[in-house]
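In: Just to be clear, the model below is a prediction. Sequence and coordinates:
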Amino acid sequence: MAELQNRWYNAVLQNLPAPPSTTQLVQPAPPVELSDTALWTRGNIVPPASLTFNRQRVESTSFFDAYTTVIQELSVPESAFVAAIGSVVHQEWLVYVRGLTPQPDEDRLPDVFYTWAMTHHPDIANEGASALRDIARLRALQRFLRSYQGPPPKPAEYLGGIRELLSVLRSSSSAMISFDSTTTSGDVSGTWTRGVHKDFSGLWSGADQFDTTTARFARSVVTVKAELGAYALWAVNPDPRWYDSSQLHVAYTKQTIPPWASNPRLYWDMAFGEKSGRLQRAIASLIVVERLRSVVTSDAVFSPEDQQVVKAKAAAGLWPFFVPAGDGVTNNADFEGGKLRLETTTSTDRPLVIGAHVLPIARYLGDELDAREPLDADPAPEPRRSACVVRGLARSEFHESAQDDNVPLPKSPDSG
């Protein structure tokens, strides 16, 4: 079955087209519910390094969770503020700010400092205010991310909503994927995973790829005619209210204190490490289709018993899209002389996510290609940008943040 899946992967690349440096097929592909949350959850994933991502068989991490864990382990030490203005000026500032009534909020401290310093020490006013802004900015982001924990847990936001996606699909062109297993190459060594598949289903959703019925199907001559009534790329853009790419970029590029609060190598490996990092990749865009009609044929002859099994399992979803029946979706498995014909059709206004464009975290953050990527990789497709807000369901797992340096930054009583 692996060889057939490889050939199908190459057919998708050739027909859409899609670059082998980023493309991942997704299975199963149930219709997206008509809500912003449902759409957003399809992109809120740290995908595995696999050409096919079977969401039922391979565990994945929430992008929001992994990102939040990193941010909560960062720190801008107050010693950076002291270094910017000098210890003598710092003591003068502490005397001044502690005498203010009421105490200024932490977010206002940079402006308060700048006003004070322009009168008493104008040569360090900009440097000191900048250092305080870095501290306040990170602390405010950490507090804001903690607010998503609840109770009850609060969904995060992404840019773009289901109404906008449907509008994009209505104005998108159709596409056709034609496949013949005898003429399509199975060589996937030049792809972004160099041919790795973590796991995938067999002939029907949930079937093992080594199932005997699946094996008979995979060894046969297989054809696919898949008509896509509409095809579009949908950008997966975290809402900047909770996503700060510059903070994540600093965390990725530095294994030091700061920006890490403590144990920088340990926490960097937990986030980005090649063996077990939770944030090694991110989804740049989703491959979305609408009004699918897929017809699959096989020249293998199936026994009456196998025919009954396939017909009974068809509702769960059939290769290669694995769209479960219901909600305007029909799956039919027919046999003529024991030879198989599968047909899947879907209705309008119910998008299907059949794949994604995946970037390693270095490219996602705008860094140079790292050594693990193929040097001749194609550029990632430019996703369509959108401006609406999407809500998605997520819950963060947090490590307890390490304490800041022992040099206190004056805080108002409600900051923290």
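Out: Looks like it came in fine. Numbering: from 1, shown residues only.
In: helices and strands around the longest strand belonging to the chain, which ones?
Out: Longest among the strand segments of the chain by residue count, using DSSP state E, is strand 281-301. When contacts are defined as 3 or more CB pairs under 8 Å, 6 or more residues apart in numbering; DSSP states H and E, strand 281-301 packs onto helix 36-43, helix 162-170, helix 212-219, strand 222-235, strand 339-345, strand 352-360, helix 361-364. Any C-beta I mention is one placed from the backbone N, CA and C, and that applies to glycine too.
In: Give me the residues contacting the longest helix along the chain.
Out: Looking only at the chain and at elements set by DSSP state H, the helix with the highest residue count is helix 125-146. The list of residues contacting helix 125-146 from outside it, by CB atoms under 8 Å, 6 or more residues apart in numbering, reads 68, 71-72, 74-76, 78, 80-81, 83-85, 89, 93, 106-107, 109-111, 113-114, 117-118, 241-242, 244, 247, 396, 398, 401, 409, 415-416.
In: So among the residues you listed, which ones count as buried?
Out: Among the contacts of helix 125-146, those scoring as buried are 68, 71-72, 74-76, 78, 80-81, 84-85, 89, 93, 106, 109-110, 113-114, 117, 242, 244, 247, 396, 401, 409, 415 (criterion: 16 or more other CB atoms under 10 Å).
In: Please tell me how far residue 350 sits from residue 162.
Out: Look at residue 350 and residue 162: by CB to CB, to the nearest Å, they are 10 Å apart.
In: and if you look at residue 356?
Out: In this structure, residue 356 and residue 162 are separated by 17 Å, where distance is defined by CB to CB.
In: the more surrounded of the two?
Out: It is residue 356, of residue 356 and residue 162, that has more neighbours when counted by other CB atoms under 10 Å, with 26 against 20.
In: Quick check: the more buried one vs residue 284, distance?
Out: Relative to residue 284, residue 356 is positioned 8 Å away (criterion: CB to CB).
In: Give me the common contacts of those two.
Out: Listed contacts common to residue 356 and residue 284 are residue 236; contacts here mean CB under 8 Å, 6+ apart.
In: Just the buried positions in stretch 199-215, please.
Out: If you call a residue buried by 16+ other CB under 10 Å, then stretch 199-215 has these buried ones: 200-205, 207-209, 211, 213-215.
In: how long is that stretch end to end?
Out: Across its full length, stretch 199-215 reaches 15 Å between end residues, using CA to CA, to the nearest Å.
In: Need the distance between the two termini of stretch 158-175.
Out: Counting by CA to CA, you get 28 Å between the two ends of stretch 158-175.
In: residues near the spatially closest residue to residue 168 that is not a sequence neighbour, how many?
Out: Among residues not flanking residue 168 along the chain, residue 232 sits closest, at 5.1 Å (CB to CB, 6 or more residues apart in numbering). Using other CB under 10 Å, the number of residues around residue 232 comes to 22.
In: contacting residues around the nearest residue to residue 297 once chain neighbours are set aside?
Out: Taking CB to CB, 6+ apart as the measure, residue 297 lies nearest to residue 223, with 4.9 Å between them; neighbours along the chain are not counted. Under the criterion of CB under 8 Å, 6+ apart, the contact list for residue 223 reads 179-181, 296-297.
In: Residue 154 now?
Out: Under the contact definition (CB under 8 Å, 6+ apart), the residues listed for residue 154 are 147-148.
In: which SSE is it in?
Out: Here residue 154 is covered by no helix or strand, with elements defined by DSSP states H and E.
In: Which pLDDT does the model give it?
Out: At residue 154 the predicted local confidence, pLDDT, stands at 85.
In: Tell me the spacing between it and residue 88.
Out: Applying CB to CB, one obtains 45 Å for the distance of residue 154 from residue 88.
In: Check residue 340 too.
Out: In this structure, residue 340 lies at 83 Å from residue 88, with CB to CB as the measure.
In: With that, I have no additional questions.
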